[in-house]
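K.L.:
Could you look at this predicted model? Sequence included:
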Amino acid sequence: MRFSGWIVLLSCVMLGSGCQPEAPAPKNEVAVRGAAWLGELSLGDLRWQVVLREPAGAEPAEMDVISLWRARVPLPDFQRSGETISFSLPEDLGAFSGRRDGDRISGGVKAPDGTLGALQLTLTNEPSIGYEDFEVQSEGVKIAATLAKPAGSGPFPLVAILHGGGDSDRQAAPYRFWADFLPRHGIAVAIYDKRGNGASGGDWRAVGFEARARDVESVLRAARSHDRVDPSRIGLIAVSQGGWVSTLVDSETPDLRFVVQISAPVVPVWQADTYANRVSYRADGLSEPEIDRALEIWLTSLDVTRDPESSSARRALERAVDSARGDDWFEQDPYDPDPVGTPFRQWYRLVLDFDPRPILSQSNTPMLWIYGDMDTQSDVFANVEELGILRSTLGKPFSVSVYPRAGHGVMIPLTFVNEPTWPMMTAAPGFFDDLLLWMRSAFE
């Protein structure tokens, strides 16, 4: 039985009294190659904006597939013979074969299941992007980060990207993507390694959301001091679990221009995870009475997590487990009634009762809340209802967008990939265009 929090595991402020902002030092300034090909990849009824960069010196060819949240993916089998070009597309999407004709490249694409498509590209002068690594101290913990800057002297607006659940660093594709995508649209980006990941110290499992919010604020203070950043135009993009953290950052950063919340819950952690567990049990084929029994164990286990010394909570959990013994659904995946000592439970105790609503009720920062209507990790109906209350009763400047057929992260499954090692997804049509339009308006 799955009694671990799905949102907190899968999804992806104040400075300490002694902390001072640190300006990023230009340790690894890198310029993206200027010549590139911009165009559209089509497969079936799907359309993706892509960028192709031919090999340059010892550097391999690369491709961005925007709606897959992928940037600068190497193309090791890129071949060019005269005007003929061929290569395998990123993420097992298929193979391309075509020709260059002056400032255009065009040809056919074949997906693993035989689906046919096309790739059309036009030569463009791609703007350069500069990258600077820097470090800050947050409550005595080193946080390693990178500032990605558009070409030119600026000053540019800045967006910081907040992590979802689990381990992740700034090199992970969904986070590194933003540092390549947004600077091409004139927006600087700050990405960082979560505590205990990459070059950052500490351990995110040993702290709650408050400490992680202070990490973000430390990164923000350093990045916004850069001479190419406009300190009056700062925003956040938070994904899934990062939404809880972003509410704390917002509460301690009164001059934020906006917060974009992607698949972020508006309810307490335990409530969001209870919904995710219910959906998971349904997918496993449990009946509604069996789901209720399973959730009874989950909810009573939370009381033990809250107070490991409570004998009454332990007895209630043992009774719930004993009542399920012998049931087929329980025997297929038995539950350990003594979960308190696990690292997950020790961390979960720090966050399970976190409720963003009191903080949101005090915020006047414009926020865009984005969901997919088939999200299995976050209760879209409950989130939209809570946001409606905040808007109607308190006049909060919160906008909501719900994309059809999309799940967590506003992603839609791809059906033609041949036995992928993980479910292949693409962003909902229009997601990135809508996001850029909204952010530009918020920065004006």
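P.N.:
Nice, thanks for sending it over.
K.L.:
which residues are contacting stretch 227-235?
P.N.:
147, 149, 153-160, 188, 220, 223-225, 253, 255-260, 439, 442-443 (CB atoms under 8 Å, 6 or more residues apart in numbering). The C-beta positions use only the backbone N, C-alpha and C, and glycine is treated the same way.
K.L.:
do that again at 7 Å, thanks
P.N.:
149, 153-159, 188, 220, 223-224, 255-259, 439, 442-443 (CB atoms under 7 Å, 6 or more residues apart in numbering).
K.L.:
Can I have the buried ones of those as a PyMOL selection?
P.N.:
Under the burial definition 16 or more other CB atoms under 10 Å, those of the contacts of stretch 227-235 that qualify are selected in PyMOL by:
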select buried, resi 149+154+155+156+157+158+159+188+220+223+224+256+257+258+259+439+442+443
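K.L.:
Restricted to strands, list the contacts of stretch 227-235.
P.N.:
Within these, residues falling in strands by DSSP state E are 149, 156, 157, 158, 159, 188, 258, 259.
K.L.:
Residue 43 is in contact with residue 108, isn't it?
P.N.:
No - contact criterion CB atoms under 7 Å: residue 43 and residue 108 do not qualify, at 10.7 Å.
K.L.:
what about those two, which has more around it?
P.N.:
residue 43 (21 against 13; other CB atoms under 10 Å).
K.L.:
Now do the same contact list for the closest residue to that one other than its chain neighbours.
P.N.:
The spatially closest residue to residue 43, leaving aside those adjacent along the chain, is residue 117, at 3.7 Å (CB to CB, 6 or more residues apart in numbering). Applying CB under 7 Å, 6+ apart, one finds that residue 117 lies in contact with 41, 42, 43, 44, 109, 111.
K.L.:
how about the strands in the stretch 101-250 of the chain?
P.N.:
Using DSSP state E, counting those that start in this stretch, the strands of the stretch 101-250 of the chain run over 104-110, 116-125, 129-138, 141-150, 156-162, 188-192, 229-239.
K.L.:
Could you count how many residues lie near residue 349?
P.N.:
17.
K.L.:
Next, the buried residues of the host helix or strand of it.
P.N.:
Here residue 349 sits within helix 343-351, counting by DSSP states H and E. For helix 343-351, the neighbour count (16+ other CB under 10 Å) marks 345, 347, 348, 349, 350, 351 as buried.
K.L.:
want to throw the residues you listed into CSV with pLDDT?
P.N.:
Shown next, in CSV, are the buried residues of helix 343-351 (pLDDT from 0 to 100):
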residue, pLDDT
345, 84
347, 91
348, 92
349, 93
350, 95
351, 96
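K.L.:
ok, so of those residues, who is nearest residue 306?
P.N.:
residue 349 (6.6 Å; CB to CB).
K.L.:
So the closest one is in contact with residue 303, correct?
P.N.:
No - Residue 349 lies out of contact with residue 303 (CB under 7 Å); the separation is 11.2 Å.
K.L.:
what's residue 406 in contact with, if anything?
P.N.:
372, 373, 374, 412, 428.
K.L.:
Give me the pLDDT value at the nearest residue to the first one once chain neighbours are set aside.
P.N.:
Excluding its sequence neighbours, the residue lying closest to residue 372 (CB to CB, 6+ apart) is residue 406, at 2.7 Å. Here the pLDDT value assigned to residue 406 is 90.
K.L.:
which SSE is residue 406 in?
P.N.:
Going by DSSP H and E, residue 406 is not part of any helix or strand.
K.L.:
I'd like to know which helix or strand in the chain has the lowest mean pLDDT.
P.N.:
The weakest-scoring helix or strand in the chain, judged by mean pLDDT, DSSP states H and E, is helix 6-10 (a mean of 42).
K.L.:
Pull out the buried positions in the following helix or strand past it.
P.N.:
Per DSSP H and E, the first helix or strand lying C-terminal to helix 6-10 is strand 35-43. For strand 35-43, the neighbour count (16+ other CB under 10 Å) marks 36, 37, 38, 39, 41, 43 as buried.
K.L.:
again, but for stretch 138-147
P.N.:
Neighbour-count burial for stretch 138-147 flags 138, 139, 141, 143, 144, 145, 146, 147 (criterion: 16+ other CB under 10 Å).
K.L.:
Lowest pLDDT pick from the residues you listed?
P.N.:
residue 139 (92).
K.L.:
Using CSV, list the CA coordinates for stretch 404-417.
P.N.:
Extracted C-alpha coordinates of stretch 404-417, given in CSV (Å, rounded to 0.1, in the frame of the first residue of the first chain):
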residue,chain,number,x,y,z
PRO,A,404,-7.7,20.0,-20.8
ARG,A,405,-6.3,16.5,-21.0
ALA,A,406,-3.2,17.5,-19.0
GLY,A,407,-1.9,15.9,-15.8
HIS,A,408,0.6,17.0,-13.2
GLY,A,409,3.0,19.6,-14.5
VAL,A,410,0.4,20.4,-17.2
MET,A,411,1.7,17.4,-19.2
ILE,A,412,-0.1,15.3,-21.7
PRO,A,413,0.9,11.6,-22.3
LEU,A,414,2.4,10.6,-25.6
THR,A,415,1.0,7.4,-26.9
PHE,A,416,3.3,6.6,-29.8
VAL,A,417,6.6,6.1,-27.9
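K.L.:
since we're on residue 77, how many residues are nearby?
P.N.:
Neighbours of residue 77 (other CB under 10 Å): 11.
K.L.:
Quick check on it: phi, psi?
P.N.:
phi -100, psi 20 (degrees, to the nearest 10).
K.L.:
wait, what's in contact with it?
P.N.:
87, 88 are the contacts of residue 77 under CB under 7 Å, 6+ apart.
K.L.:
any weak-confidence spans in the chain?
P.N.:
1-34, 336-340, 415-424 (pLDDT under 70).
K.L.:
Quick check, central residue of it?
P.N.:
For the chain, the residue nearest the mean C-alpha position is residue 239 (3.8 Å; CA atoms, centre = their mean).
K.L.:
beta partners for that residue?
P.N.:
In this entry, residue 239 is beta-bridged to residue 262, by DSSP bridges.
K.L.:
and it, how far is that from residue 59?
P.N.:
29 Å (CB to CB, to the nearest Å).
K.L.:
Over to residue 193?
P.N.:
25 Å.
K.L.:
Could you check which of these two is surrounded by more residues?
P.N.:
A count of neighbours by other CB under 10 Å puts residue 193 above the other of residue 193 and residue 59, at 26 against 12.
K.L.:
Tell me both backbone torsions, phi and psi, for the more buried one.
P.N.:
Per degrees, to the nearest 10, the backbone of residue 193 is at phi -90, psi 130.
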